[in-house]
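1. Structure here, sequence nowhere to be found:
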């Protein structure tokens, strides 16, 4: 008995010793961070970032960056405590994404930050691994058969699920969180298109999706890593399995389990002549081993990130803006009516005003507000900014949409007409991609761009034709920006509560 007590006491002392050691290491990390960063950088930018004093004046971190970049003569600033150069200069963006593409990869630091969630998926790799996945994705997404298959799913989800939910809200007068509705819609849609499976998140009962909730948490917590003043902090928490890193590990475990279940189900059903993207990837790789399952898991997660979060984010801010601008909604209805009121894939493509509305919305509220690269070897950007080798470089679409030198003095106004050519038969005229890198640009330009635009357009046309959306409360109702939750994609804090009203015929 005495020996058992001694062992128990020894284990407790060992546990306390390990805890004390861990706390000492953490404290040392904080001290090193302060010694390394704080005294040696007294600039107002770094002080504001570290203390959070920017919050006194700005709603979101992106608004603070936009203000800094507007006031910079070059449209570029340094945030020394992050070891990061931030730019909203189109010439710099083109240099990074096209001219010197090989010198500005995602980089190992970025891959480490998102590696637990995204693994070796297309958004988190460089070199041959990226080229291989991109080639495969390009072949599949460029297929006429896949595009036709995807549009049928989108149209079916809009008709059978989205519209009944909105109609029920209109008839009952209840307040609806439109952001939640669009997330559920986009999740169902991308799961059908990508995996041939139906999670049924937008069924009338609005069931809770464990995968969707875990994915939200993992996305938010992974983004927190990138915002940390030093990677030492999150690495230490991951080592100790405490705080946000413990929560992240739990969320990713759920994502992994459910992604594996999706893959097994798809394998059980057989790939055959299936048109969903996962089946086509399986068929092309002949997936069967453990490495193949890991590869497919990373593809599943990448598709979810690209097809669910970005679309739902853009649709949420779109209807927030339309609730403020009834004249724009009316013009969209007029365009639908001029086309005979019936929507088809070909008719959607001809709706130039609606296309302009979507782009103007994403100019002001890009679903991905910033993107980071790492400078492999020391370089000089076109605006004269020196970037040291190994330094992070961030281009900022959210800030770029708020730059008068790019969009003119009315940059803050919601003006779809800026995207149209003149005359009675005005047609959509896209901006230079390096001025509007919402879908990235250059060699990494988004392969799912056309699919995403089609999905957003189909939703926008159907909803605007039948309903008026009125934002309830202050969230997104005033002229300023809504408050966004930190994450890999833009998400409105508190959702978007709305009342839905039928359009009077």
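-> Cool, got the structure. No experiment lies behind these values; they were computed from the predicted model shown. Numbers count the residues shown, from 1 in each chain.

2. what's the neighbour count on the residue lying closest to residue 381 once chain neighbours are set aside?
-> Excluding its sequence neighbours, the residue lying closest to residue 381 (C-beta to C-beta, 6 or more residues apart in numbering) is residue 92, at 4.5 Å. Backbone N, C-alpha and C define where each C-beta goes, glycine included. Neighbours of residue 92 under the rule other C-beta atoms under 10 Å: 23.

3. which strands and helices sit next to the helix or strand harbouring residue 92?
-> Element membership for residue 92, per DSSP states H and E: helix 90-94. The helices and strands touching helix 90-94, judged by 3 or more C-beta pairs under 8 Å, 6 or more residues apart in numbering; DSSP states H and E, number zero.

4. follow-up on the earlier one: isn't the residue nearest to residue 381 right up against residue 382?
-> Yes - counting by C-beta atoms under 8 Å, residue 382 is a contact partner of residue 92 at 5.8 Å.

5. about what we covered before: and the residue nearest to residue 381, what is it in contact with?
-> Going by C-beta atoms under 8 Å, 6 or more residues apart in numbering, residue 92 touches 75-76, 381-383, 385, 395.

6. circling back: and the helix holding residue 92, what's buried?
-> 90-94 (16 or more other C-beta atoms under 10 Å).

7. Among those residues, which one sits closest to residue 204?
-> Nearest to residue 204 out of the buried residues of helix 90-94 is residue 93 (C-beta to C-beta; 44.4 Å).

8. and the gap between the closest one and residue 438?
-> Distance from residue 93 to residue 438, counting by C-beta to C-beta, to the nearest Å: 11 Å.

9. how about the helices in the stretch 101-250 of the chain?
-> 108-118, 127-141, 144-157, 163-172, 178-195, 210-227, 231-240, 243-269 (DSSP state H, counting those that start in this stretch).

10. What backbone torsions are found at residue 491?
-> Backbone torsions of residue 491, given as degrees, to the nearest 10, read phi -140, psi 130.

11. what's the nearest residue to it if we skip its chain neighbours?
-> Nearest residue to residue 491, sequence neighbours excluded (C-beta to C-beta, 6+ apart): residue 485, at 4.6 Å.

12. Surely that neighbour and residue 492 touch.
-> Yes - Residue 485 lies in contact with residue 492 (C-beta under 8 Å); the separation is 7.4 Å.

13. quick one: low-confidence parts of the stretch 1-150 of the chain?
-> The stretch 1-150 of the chain contains residues with pLDDT under 70 at 1-40.

14. now do the stretch 251-400 of the chain
-> Judged by pLDDT under 70, the stretches of the stretch 251-400 of the chain that qualify are 285-291.

15. that older thread, burial measure for the residue nearest to residue 491, as a count.
-> Neighbours of residue 485 (other C-beta under 10 Å): 15.

16. what do you get for residue 64?
-> Residues near residue 64, counting by other C-beta under 10 Å, number 19.

17. Likewise for the one 5 residues further on?
-> Other residues near residue 69 come to 22 when the count uses other C-beta under 10 Å.

18. same for the helix or strand hosting it, what does it pack against?
-> Take DSSP H and E as the rule and residue 69 turns out to sit in helix 61-71. Contacts defined by 3+ C-beta pairs under 8 Å, 6+ apart place helix 61-71 against strand 76-79, strand 84-87, helix 397-400.

19. Packed most tightly, which of the ones you listed would that be?
-> Among these, helix 397-400 has the highest mean neighbour count (mean count of other C-beta atoms under 10 Å), at a mean of 26.

20. So what touches that one?
-> 62, 65-66, 69-70, 86, 88, 90, 93, 365-366, 368-371, 406, 435-438, 490.

21. go on, stretch 168-188?
-> 157-158, 161-162, 165-166, 198-202, 204, 206, 209, 212, 304, 307-309, 311-312, 315-316, 319, 455, 459, 467, 469, 472, 491-492, 495-502.

22. buried stuff in that stretch?
-> Here stretch 168-188 shows 169-170, 176-188 as buried, counting by 16+ other C-beta under 10 Å.

23. again, but for stretch 251-260
-> Buried residues in stretch 251-260 (16+ other C-beta under 10 Å): 251-252, 254-256, 258-259.

24. That stretch: how far from the chain's middle?
-> Stretch 251-260 has its C-alpha centroid displaced from the chain centroid by 19 Å (C-alpha atoms, centre = their mean, to the nearest Å).

25. Could you do stretch 222-236 as well?
-> The answer for stretch 222-236 is 19 Å, by C-alpha atoms, centre = their mean.

26. what ranges do the strands span in the stretch 301-450 of the chain?
-> Using DSSP state E, counting those that start in this stretch, the strands assigned to the stretch 301-450 of the chain run over residues 371-374, 379-380, 386-387, 392-395.

27. Of the ones you listed, which is nearest residue 193?
-> Distance to residue 193, taken as C-beta to C-beta, is lowest for strand 371-374 among these, at 24.0 Å.

28. my read: residue 444 touches residue 97, true?
-> Yes - Residue 444 lies in contact with residue 97 (C-beta under 8 Å); the separation is 6.5 Å.
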